[in-house]
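>>> structure for the following, please:
(one chain, ligands or ions: 1)
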Amino acid sequence: MDATRMAELPGELQYIQYEHKLEAQYLPAIRALISKDLSEPYSIYVYRYFLYQWGHLCYMALDPIDASLIGVIICKLEPHASHSPPTLRGYIAMLAVSSSYRGHGVATSLVKKAIHAMTQRNADEVVLETEETNIPAMRLYERLGFLRSKKLHRYYLNGNSAYRLVLLLKSIDPDSAADLSLDDVDHIPS
Ligand SMILES: CC(C)(COP(=O)(O)OP(=O)(O)OC[C@H]1O[C@@H](n2cnc3c(N)ncnc32)[C@H](O)[C@@H]1OP(=O)(O)O)[C@@H](O)C(=O)NCCC(=O)NCCS
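So this is what the prediction gives:
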């Protein structure tokens, strides 16, 4: 555990759903938090692409004292036509927790909230990509039931490979299960 990490959280964190009216207050902090751990920061348009259309699938963890941003998850949900019949696919695009607040279940809570919101909107599955060397992220998702569906060689600009992870929310037809490993890469790296 790193020395700056908090031994305990500052009380019960607030988890709130993103709304457009919060953009001015939180988008700069969301960008700062996410770009901190990325080699290639996303442009503001990437954030707006997700937040304008699927703000209801974005959750923020806030400090209960000053309402500052501690963690965020950004997702989308769309029909995925390469499956037959098409599936409704949730996608976790970005997830980050401020380094001093890690190891207290904040990301776990954010991912669970996003999965719940996608399930309520009838999602069939949730997918994401994560760097194969990102042990905390791999552990977190696998603990929540995500399975490795595909290895994406040299997926990131830094040359690192990724795993596509998938969480099946509904039972699938065994005849179409092979599709899971045939996905086209239609996502941004997270
Ligand atoms: C990956 C990342 C989001 C994890 O955030 P986090 O808030 O530390 O994650 P969690 O606390 O939910 O889980 C981490 C560990 O804390 C443990 N934990 C401690 N207290 C916990 C609690 N109250 N409830 C649940 N888990 C708890 C978990 O068991 C887990 O342990 P593990 O090592 O067995 O997996 C964070 O490291 C991060 O922001 N990294 C940089 C960005 C990144 O890599 N994002 C993912 C891209 S796909």
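
>>> for the one residue in the chain that gets nearest to the ligand, grab phi and psi.
Of all residues in the chain, Gly105 sits closest to the ligand, at 2.3 Å by C-beta to the nearest ligand atom. Where C-beta positions appear, they are placed from N, C-alpha and C, glycine not excepted. Dihedral pair for Gly105: phi 80, psi 10, per degrees, to the nearest 10.

>>> what's the answer for Leu22, then?
Torsion angles at Leu22 (phi, psi; degrees, to the nearest 10) stand at phi -90, psi 0.

>>> let the chain start at 272 from now.
Right, with 272 as the first residue, what we last looked at is Leu293.

>>> which ones are touching the most centrally placed residue in the chain?
Nearest to the mean C-alpha position of the chain, counting by C-alpha atoms, centre = their mean, stands Ile363 at 3.3 Å. Taking C-beta atoms under 8 Å, 6 or more residues apart in numbering, we find Ile363 in contact with Ile344, Ile345, Cys346, Val382, Ala385, Val397, Val398, Leu399, Ser461.

>>> can I get these in TSV with distance to Pro281?
Below are the contacts of Ile363 laid out as TSV (distance: C-beta to C-beta, whole Å):
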residue	distance to Pro281
Ile344	20
Ile345	24
Cys346	26
Val382	21
Ala385	23
Val397	30
Val398	33
Leu399	29
Ser461	27
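
>>> report how many residues lie close to the residue of the chain closest to the ligand.
Gly376: 13 surrounding residues under other C-beta atoms under 10 Å.

>>> which residues in the chain form strands?
285-288, 330-333, 340-351, 358-368, 396-402, 418-423, 433-439 (DSSP state E).

>>> got those as CSV, with distance to the ligand and mean pLDDT columns?
CSV is the format used below for the strands of the chain (distance: least, C-beta to the nearest ligand atom, whole Å; pLDDT from 0 to 100):
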stretch, distance to the ligand, mean pLDDT
strand 285-288, 12, 98
strand 330-333, 8, 98
strand 340-351, 6, 97
strand 358-368, 4, 96
strand 396-402, 4, 96
strand 418-423, 13, 94
strand 433-439, 9, 96
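
>>> between those strands, which one is nearest to Leu309?
Among the strands of the chain, the nearest to Leu309 by C-beta to C-beta is strand 358-368 (8.7 Å).

>>> tilt between that closest one and strand 396-402?
40 degrees (axes from the mean of the first three to the mean of the last three C-alpha atoms, to 10 degrees).

>>> buried sites along stretch 299-307?
Using 16 or more other C-beta atoms under 10 Å as the test for burial, stretch 299-307 gives Ala300, Ile301, Arg302, Leu304, Ile305.

>>> need the CA coordinates for stretch 395-403. CSV is fine.
Extracted as CSV, the C-alpha positions of stretch 395-403 are listed here (Å, rounded to 0.1, in the frame of the first residue of the first chain):
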residue,chain,number,x,y,z
ASP,A,395,-27.4,-8.4,-22.1
GLU,A,396,-23.7,-8.0,-21.3
VAL,A,397,-21.1,-5.5,-20.1
VAL,A,398,-17.7,-5.3,-21.7
LEU,A,399,-14.5,-3.4,-21.3
GLU,A,400,-10.8,-3.5,-22.1
THR,A,401,-8.1,-3.2,-19.6
GLU,A,402,-4.3,-3.3,-19.9
GLU,A,403,-3.0,-6.8,-19.1
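
>>> done for today, thanks.
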